[in-house]
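Student: no FASTA, just this:
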């Protein structure tokens, strides 16, 4: 039974990782690609690792450390990448209507 | 014409790799030399990791040469790229093009830095038991320094401290080697200390000590090299 739960979690994680890969291929610009890749791969990684923990309960602590590491690094690195892409003015897709970061920077500049 | 040529090249590569993949067979037994080392090292040196045993004891002198090469790379880069602190003063600070890193990035790096350092220490200290060792752990130390530099470009690396630490580790490495010459069979012979229980944390003679010295030395050297490239 625990193996069934573990397998299901790994499968679910694989589906999320697949959707991350699909998003990287199909999304129109850098920013949408980053958000598709980050969110889906963070969750997918965590689900796969938790699923493995059901298979090998004695690995749980190590897997927890790996989950912590993924949770810490993946969003921060994507955040930095996204900011960098915005700073060098990578063009956005036409469907994007708001740019909160630019608006915030403009208000900062006009205030000072 | 060009397309046909490309197709031909790809087909030739496919043929080449296919022939390699088809004729490849997994070797079932170790070659004679490898089998000898696999048997000899756990018996003679008490180290489960055969590669570390070879690198740090049988070929310890060679490893010293490799570290010396790394040192020369760091020194040569210093000569060619110059003192990075001096050049940074020449660039006007308020150029406007530099966007400071956000709070998230700085704090994330501050949290990750000790974690990576602990991991590096683990890799170095377990060199004689599992995959790893001084060189690999030193590279991880340098990667944590690189993370700090990426998160905070104004971070100043203390070259004097790194240089002194690196030289000290190098001197101690050579002294350990000479101690091996005096108390055991040869330069860097790790059997000058008791082998201890096979597979325990403190075992395999002097290999953990040599590993630590090597890790410190490589970590300092690579950190200096990374900092030189910052410009």
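Tutor: That came through, no problem. Note that the coordinates shown come from a computational prediction; the quantities given were computed from them, not determined experimentally.
Student: how about the residues of chain A by chain B?
Tutor: Within chain A, the residues that sit near chain B (Cβ under 8 Å from any Cβ of the partner chain) are A:69, A:72-73, A:76, A:79-80, A:83, A:87. In short, each C-beta sits where N, CA and C put it, glycine included.
Student: measure residue B:70 to chain A for me?
Tutor: 28 Å (Cβ to the nearest Cβ, to the nearest Å).
Student: can you tell me the closest non-neighbouring residue to that residue?
Tutor: Nearest residue to residue B:70, sequence neighbours excluded (Cβ to Cβ, 6 or more residues apart in numbering or on different chains): residue B:221, at 4.8 Å.
Student: could you list the low-pLDDT ranges of chain A?
Tutor: A:111-112 (pLDDT under 70).
Student: show me where the chain has helices.
Tutor: Let's take chain A. Counting by DSSP state H, chain A has helices at residues A:2-26, A:30-55, A:60-87, A:100-111.
Student: let's do chain B instead
Tutor: B:2-23, B:32-44, B:50-53, B:60-81, B:84-90, B:103-125, B:134-151, B:159-183, B:207-230.
Student: nearest the middle, which residue of chain B would you pick?
Tutor: What sits nearest the mean C-alpha location of chain B, by Cα atoms, centre = their mean, is residue B:135, with 2.6 Å.
Student: what's that residue in contact with, if anything?
Tutor: B:66, B:214-215, B:218 (Cβ atoms under 8 Å, 6 or more residues apart in numbering or on different chains).
Student: circling back: which of the helices of chain B is buried the deepest?
Tutor: Ranked by mean neighbour count under mean count of other Cβ atoms under 10 Å in any protein chain shown, these are led by helix B:207-230, which reaches a mean of 23.
Student: tell me how far the residue of chain A found nearest chain B lies from residue B:164.
Tutor: Of all residues in chain A, residue A:76 sits closest to chain B, at 4.0 Å by Cβ to the nearest Cβ. Distance, residue A:76 to residue B:164, using Cβ to Cβ, to the nearest Å: 33 Å.
Student: ok, back up a step: isn't the residue of chain A closest to chain B up against residue B:106?
Tutor: No: with contact defined as Cβ atoms under 8 Å, residue A:76 does not count as touching residue B:106 (10.0 Å).
Student: wait, what's in contact with the residue lying closest to residue B:165 once chain neighbours are set aside?
Tutor: With Cβ to Cβ, 6+ apart as the criterion, residue B:165 has its nearest non-adjacent residue at 5.3 Å, and that residue is residue B:220. Contacts here follow Cβ under 8 Å, 6+ apart; on that basis residue B:220 touches B:138, B:162-163, B:165-166, B:169.
Student: between which two of those is the distance greatest?
Tutor: B:138 and B:163 (15.3 Å; Cβ to Cβ).
Student: in stretch A:47-56, which residues are buried?
Tutor: Going by neighbour count (16 or more other Cβ atoms under 10 Å in any protein chain shown), the buried part of stretch A:47-56 is A:47-54.
Student: just how off-centre is it within its chain?
Tutor: Here stretch A:47-56 is found 19 Å from its chain centre; the criterion is Cα atoms, centre = their mean, to the nearest Å.
Student: what comes into contact with that stretch?
Tutor: Outside stretch A:47-56, the residues that touch it by Cβ under 8 Å, 6+ apart are A:2-3, A:5-14, A:16-17, A:59-60, A:63-64, A:66-67, A:70.
Student: thank you, goodbye.
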